[in-house]
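**Student:** Structure of the sequence below:
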Amino acid sequence: MLSYQHIYHAGNLADVQKHAILAVAIDYLTRKDKPLSYLETHAGRGLYHLDAVEAVRTGEAKAGIGRVEGADWFEATHPLMRVLAALRADHGGAAYPGSPLVAAYLLRPGDMMHLAELHPQEHAALEQAVAGFSARVYQRDGFEMAQSLLPPEPRRGMMLIDPSYEVKSDYDRIPAVIAQLHRKWNVGVIALWYPILADARHKPMLAALERQGLPKVLRHEVRFAPAREGHRMVGSGMFVINAPFGLADEATRLSGLFAQL
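**Tutor:** Below you'll find the model as predicted:
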């Protein structure tokens, strides 16, 4: 349960989709003067270096963010590219943000972050990565953290749910958890990332979510070739409740780009 470390996969094509959607959503939310809260249930270490042995070994970053930057998928003004530019200025050209730092570089003074990470080493690294930002870091179950904080203060905001799905029961657990979270925080943007595996095990989870009749839902999925022989992930998905204005346009743009791979 605590074995997953994202450094092997940081910057892959799934991250490209997830972080582009996340960055555009937060960029829209910060256009209003009112402060907001950002919550993340499975935060990871927050900061990755793509020249690390683990990242180089899998080659996923080279086939992911390396490839799409080379193909100019994103203009310099895109919020994800603004994050990357600021992060690399601070941490070097091989740095890549986990979703906590995508959020941290886009949020403003007065906004608040709540980040949960159970893995002891990842939690310690996360605390260092977000030092200097307005963030509280919790070493506890992320769903328990979210339940205890909702509705957050400030009340406006967004939550990202991004488990590793190493525990197969996550697929069964998530629809009920999201229903509870939405009841407590019906104005919040709640975004769920999920892998698309060759056996399509995400489909019952998505069907259960869609039966709930949640408001302003954006479901976005992209497909790509397995990162290596035997790798089971063939795509990536985002399910967003109370999707901000303009997010569907970004999803459509990304779909066209992924279709060219």
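
**Student:** CA only for contacts and neighbour counts going forward, please
**Tutor:** Noted.

**Student:** M145 reaches L39, doesn't it?
**Tutor:** No: between M145 and L39 there is no contact under CA atoms under 8 Å: 9.1 Å.

**Student:** Comparing the two, which residue is more hemmed in?
**Tutor:** More crowded of M145 and L39, by other CA atoms under 10 Å: L39, with 27 against 18.

**Student:** What's the first helix or strand after the lowest-mean-pLDDT helix or strand in the chain?
**Tutor:** Lowest on mean pLDDT, DSSP states H and E among the helices and strands of the chain sits helix 53-58, with a mean of 88. Using DSSP states H and E, the next helix or strand after helix 53-58 towards the C-terminus is helix 60-63.

**Student:** CA-only coordinates of that following helix, as CSV, when you get a sec.
**Tutor:** Coordinates of each C-alpha in helix 60-63 appear next as CSV, following Å, rounded to 0.1, in the frame of the first residue of the first chain:
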residue,chain,number,x,y,z
GLU,A,60,8.4,7.6,-19.4
ALA,A,61,9.3,11.3,-19.0
LYS,A,62,11.2,11.4,-22.2
ALA,A,63,8.2,9.9,-24.0
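
**Student:** which residues touch it?
**Tutor:** Y8, H9, A10, G11, N12, L13, L50, A55, V56, A227 (CA atoms under 8 Å, 6 or more residues apart in numbering).

**Student:** Please report phi then psi for L29.
**Tutor:** phi -60, psi -30 (degrees, to the nearest 10).

**Student:** Offset the numbering so it begins at 355, please.
**Tutor:** New numbering, starting at 355: the last item is L383.

**Student:** Grab the two from the contacts of helix 414-417 that are most spread out in space.
**Tutor:** Farthest pair in the contacts of helix 414-417 (CA to CA) is L404 and A581. Separation: 15.7 Å.

**Student:** Compare these two (neighbour count), which wins?
**Tutor:** Taking other CA under 10 Å, L404 and A581 do not tie; L404 has more neighbours (24 against 19).

**Student:** ok, and the closest non-adjacent residue to the more buried one?
**Tutor:** Leaving aside its sequence neighbours, L404 sits nearest to A448 (CA to CA, 6 or more residues apart in numbering; 5.3 Å).

**Student:** who's in contact with the one you found?
**Tutor:** Applying CA under 8 Å, 6+ apart, we find A448 in contact with H403, L404, D405, R442.

**Student:** per-residue pLDDT, it?
**Tutor:** A448 is assigned a predicted lDDT (pLDDT) of 96.

**Student:** What distance do you get for it to R490?
**Tutor:** 26 Å (CA to CA, to the nearest Å).

**Student:** Would you state the strands of the stretch 455-604 of the chain in chain order?
**Tutor:** Here the stretch 455-604 of the chain has its strands, by DSSP state E, counting those that start in this stretch, at 466-470, 489-492, 511-515, 543-551, 572-577, 587-595.

**Student:** Just the pLDDT for G400.
**Tutor:** 95.

**Student:** same question, H363
**Tutor:** 87.

**Student:** Now do the helices for the stretch 455-604 of the chain: every range, in order, please.
**Tutor:** Shown for the stretch 455-604 of the chain, the helices assigned by DSSP state H, counting those that start in this stretch span residues 474-483, 496-503, 523-538, 557-564, 601-613.
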